[in-house]
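Engineer: Predicted model and sequence below, questions to follow.
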Amino acid sequence: MGGIKQICGKELARVFKDKKMIFSVFILPVLIMVGIMTLVNNLSKNAEKDVETHHSIVYVQNAPAGFEDFLKADDKECEILTVEDRTSVEDMIRGGDADLLIEFPEGFMDAVTDYHAGDAVPQIKTYYNPSEDYSRAAYNTISTGVLETYREMLLSQRVDDMAGLTVFTVNSDNPDMVIQDEEKAGGKVLGMMLPYFVTILLFAGAMGIGTDMVAGEKERGTMASLLVSPIKRSSIVLGKVFALMIISGVSSVVYVGAMVAFMPQMMGGLSGVDGLNMTLNTKQIIMLALLLIAIAFLYSALIVLVSVFAKTVKEASSYIMPVYMLVLVLGITTMFTTKTPQEWVYAIPIYNTSLTLQGILTQEITMMQYGMTLGVTLVLGAILIGVIAKAFESEKVMAI
Amino acid sequence: MIEIKNLTKIYKLNKKQMKESKTTNPIKTAVNDLSLNAKPGEIYGLLGPNGAGKTTTLRCISTIIKPTKGEIYVGGHEVQKEPEKVREKMGFLTGDIKLDPQFSVDYMFDFFGRLHQIPEDQLKARKEELFTYFGIQDFSHKKIKELSTGMAQKAAIAVCLVHDPEIVIFDEPTNGLDVVTARSVTDYLKKLRDEGKLVIISTHVMSEAEKICDRIGIIVDGCKVAEGNLEQLLHETDTEDLEDAFFELYRNIKGGN
């Protein structure tokens, strides 16, 4: 199969010997990804900080004596105002100018202190605007926090032994409540996200260059010069597919490296990432590496196949989008899979790779399932190569 | 040598192509039962108007497209059975075949040389020889996209000859070239002929065919209507130059004045 090395080398040179290509294929996406994620993270942190430092504007109606002092003691920065015109306060909450309205019933304190069994229990009503961050924060802090404490304080005045009212507590003093295998738990989180990222990185990294690889050559009229050289059509196909595999592999490594390096900047505030155990054992690394190579092979063959049947790069780009969406959907299905999949599911191309990636990380994959996935992926890739080579023989498809 | 036996090439047109060709017939016979023999040490010219089937014939010989009927032997190898062997022996250039614009002339020459598995020292010597002959050294480092039409054509010719092929097939070799460059190309074709190689060209430029072709095959509507050296064609048509001979034959086929 002479010529594969030369064709592969030329396709790699097209990318790696061109500074603009290196920048646009490997560096620019990383800069954009890191930039956007950092910006989003900073904006989210700033918004959180802004809500935390905001001085809540709370209106109270019929507040009993001492309540305002109680509220002030809990939230020193809180601005407490008395309702004079109920409608205007509601308008202010609706418009975001006030955060919370606490309405006590008239004679609240008398109803509490003179309470006898069978009397109606007085009700405190709170009003807020959930579409406003400040209002929602004030509601969460005061309605479910401060008023709960206030209730307990009033209750302690009614009964001498507060502990007598508590039948049991749940986990009030149990720091060791979580029992889990840290590696497996880390793998579970990674296993949810990795198939998604692998799909994006491997497929998207190869998509732009892959569509140009054949359709672009046809469009520029340079394909014919390869077709009159003394090498087999299959060598041309394999050379191009291998080059695409290498390019998508390198771009994936660059993207993953950048994600790991810039993780603190990009996802500093994301819950669930902190303290995640991401260590992989040797067996997992080998299994992952082999599977990723097979996936890159399949995706590259898929992209080249689409490119072969297009006359122009523009046409190839429009053909590849539905394929990308399909691969993407199959990639993210593992995020919503809870049941243990049956053996035959591992024979479904692309979907099986997502399941297997997840299985490797959670260490729940059997060698049978792994072997089936690897085999199906490689066989399908080889079939696609055969179809592409056949298409290369067709005058109609090659538009020559 | 090249031996073509009863070559027929039929295209099936789609609706768009039928509309473009202003025809209601979905079948287009580009080459019809064409036979010819060309031997080493000669320049054989395929002469005909646009759309006569010259390029299609050359494309069939070069294995880019497959004949619908008939057989083609190149150096003893049948084009459909042993296409790689045929391509090894042949240098083929047409206006439709372009070099990758993103690479330099140097890179493309080396790339195709390696595809032909030429040893590095021989490749270097061959490059020196061809680049000197066509005056390519000055711009060999430049990317193809940065070259003028003439420079790019020279580069394409040099690349197509990288493996010193026994058979050289050029479709409209001087098309788009200035007089000086065109002369250097035709001189080189003569040099190849003198070295004992077989050169086949297609052209519709009568003066070019008259000057450089040892034998000429005239094609009209996919059929070979005459073949021979210049004297034979003039004698057969009772004319004084190739252009008159061509029109005489053309009128006989098409009718009219």
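Structural biologist: In hand now; what should we look at? Numbers count the residues shown, from 1 in each chain, chains lettered A, B, ... in the order given.
Engineer: Could you pull out the strands in chain B for me?
Structural biologist: Assigned by DSSP state E, the strands in chain B fall at B:2-12, B:27-38, B:43-47, B:69-74, B:77-78, B:90-93, B:167-171, B:198-203, B:215-220, B:223-228.
Engineer: Show me what the second one is packed up against.
Structural biologist: This points to strand B:27-38. If contacts are counted by 3 or more C-beta pairs under 8 Å, 6 or more residues apart in numbering or on different chains; DSSP states H and E, strand B:27-38 sits against strand B:2-12, helix B:54-61, strand B:69-74, strand B:215-220, strand B:223-228. Backbone N, C-alpha and C define where each C-beta goes, glycine included.
Engineer: Check the fifth one too.
Structural biologist: Of the remaining helices and strands, those touching strand B:77-78 by 3+ C-beta pairs under 8 Å, 6+ apart are helix B:83-89.
Engineer: can I get the CA coordinates of the helix it packs on in PDB?
Structural biologist: C-alpha atoms of helix B:83-89 as PDB (Å, rounded to 0.1, in the frame of the first residue of the first chain):
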ATOM      1  CA  PRO B  83      -4.400   1.000 -13.900                       C
ATOM      2  CA  GLU B  84      -1.500   1.500 -11.500                       C
ATOM      3  CA  LYS B  85       1.000  -0.100 -13.900                       C
ATOM      4  CA  VAL B  86      -0.400   2.200 -16.700                       C
ATOM      5  CA  ARG B  87       0.000   5.300 -14.500                       C
ATOM      6  CA  GLU B  88       3.600   4.300 -13.700                       C
ATOM      7  CA  LYS B  89       4.500   4.600 -17.300                       C
END
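Engineer: near chain B, which residues of chain A show up?
Structural biologist: Within chain A, the positions near chain B by C-beta under 8 Å from any C-beta of the partner chain are A:2-3, A:6-7, A:10, A:13-14, A:18, A:217, A:220-222, A:224-225, A:227-232, A:395, A:400.
Engineer: picking that back up, in CSV: the strands of chain B, plus mean neighbour count and distance to residue A:91.
Structural biologist: Listed next are the strands of chain B as CSV, based on neighbours: other C-beta atoms under 10 Å in any protein chain shown; distance: least, C-beta to C-beta, whole Å:
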stretch, mean neighbour count, distance to residue A:91
strand B:2-12, 17, 75
strand B:27-38, 18, 79
strand B:43-47, 26, 90
strand B:69-74, 19, 89
strand B:77-78, 16, 91
strand B:90-93, 25, 82
strand B:167-171, 24, 83
strand B:198-203, 25, 87
strand B:215-220, 23, 90
strand B:223-228, 18, 92
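Engineer: Pipe those into a markdown table and attach mean pLDDT per row.
Structural biologist: Output for the strands of chain B, formatted as a markdown table (pLDDT from 0 to 100):
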| stretch | mean pLDDT |
| --- | --- |
| strand B:2-12 | 94 |
| strand B:27-38 | 93 |
| strand B:43-47 | 95 |
| strand B:69-74 | 96 |
| strand B:77-78 | 96 |
| strand B:90-93 | 92 |
| strand B:167-171 | 93 |
| strand B:198-203 | 94 |
| strand B:215-220 | 94 |
| strand B:223-228 | 93 |
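Engineer: Reformat those strands as JSON lines; add distance to residue B:135.
Structural biologist: Formatted as JSON lines, those follow (distance: least, C-beta to C-beta, whole Å):
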{"stretch": "strand B:2-12", "distance to residue B:135": "30"}
{"stretch": "strand B:27-38", "distance to residue B:135": "30"}
{"stretch": "strand B:43-47", "distance to residue B:135": "23"}
{"stretch": "strand B:69-74", "distance to residue B:135": "31"}
{"stretch": "strand B:77-78", "distance to residue B:135": "35"}
{"stretch": "strand B:90-93", "distance to residue B:135": "18"}
{"stretch": "strand B:167-171", "distance to residue B:135": "19"}
{"stretch": "strand B:198-203", "distance to residue B:135": "21"}
{"stretch": "strand B:215-220", "distance to residue B:135": "30"}
{"stretch": "strand B:223-228", "distance to residue B:135": "36"}
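Engineer: Nearest to residue A:130, out of those?
Structural biologist: Counting by C-beta to C-beta, residue A:130 lies closest to strand B:2-12 out of the strands of chain B; the figure is 66.4 Å.
Engineer: Run the chain-centre distance for the closest one.
Structural biologist: Strand B:2-12 sits 16 Å away from the centroid of its parent chain (C-alpha atoms, centre = their mean, to the nearest Å).
Engineer: Select, out of the helices and strands packed on strand B:27-38, the one closest to chain A.
Structural biologist: Proximity to chain A (C-beta to the nearest C-beta) singles out helix B:54-61 among the helices and strands packed on strand B:27-38, at 7.6 Å.
Engineer: Give the other helices and strands that that closest one contacts.
Structural biologist: Partner elements for helix B:54-61 (3+ C-beta pairs under 8 Å, 6+ apart): strand B:2-12, strand B:27-38, strand B:43-47, strand B:69-74, strand B:90-93, strand B:167-171, strand B:198-203.
Engineer: Show me chain A divided up by domain.
Structural biologist: A:4-39+A:182-398, A:51-165 (automatic domain parsing).
Engineer: and among those domains, the most buried is which?
Structural biologist: Stretch with highest mean neighbour count among these: domain A:4-39+A:182-398 (a mean of 18; mean count of other C-beta atoms under 10 Å in any protein chain shown).
Engineer: end-to-end on that one?
Structural biologist: By C-alpha to C-alpha, to the nearest Å, the extent of domain A:4-39+A:182-398 from end to end equals 19 Å.
Engineer: how far does it sit from the chain's center?
Structural biologist: 18 Å.
Engineer: If you tally nearby residues, what's the number for residue B:195?
Structural biologist: For residue B:195, the neighbour count with other C-beta atoms under 10 Å in any protein chain shown is 11.
Engineer: about what we covered before: just so I know, which of the strands of chain B lies nearest residue A:262?
Structural biologist: Residue A:262 lies closest to strand B:90-93 among those, at 51.0 Å (C-beta to C-beta).
Engineer: contact partners of stretch B:139-157?
Structural biologist: B:93, B:97-106, B:108-109, B:131, B:134-136, B:170, B:173, B:176-178, B:181, B:184-185, B:188 (C-beta atoms under 8 Å, 6 or more residues apart in numbering or on different chains).
Engineer: scratch that, stretch B:116-127 is what I was asking about
Structural biologist: Identification of contacts with stretch B:116-127 by C-beta under 8 Å, 6+ apart yields A:2, A:229, A:230, B:88, B:106, B:109, B:110, B:113, B:114, B:162, B:163, B:164.
Engineer: So the first one: helix, strand or coil?
Structural biologist: The reference is to residue A:2. Look at residue A:2: counting by DSSP: H, G, I helix; E, B strand; the rest coil, its state is coil.
Engineer: for the chain, what helix or strand is lowest in average pLDDT?
Structural biologist: Answering for chain A, as no chain was given. Least confident helix or strand of chain A, by mean pLDDT, DSSP states H and E, is helix A:263-267 with a mean of 67.
Engineer: ah, I was thinking of chain B
Structural biologist: Least confident helix or strand, chain B: helix B:15-20 with a mean of 84, by mean pLDDT, DSSP H and E.
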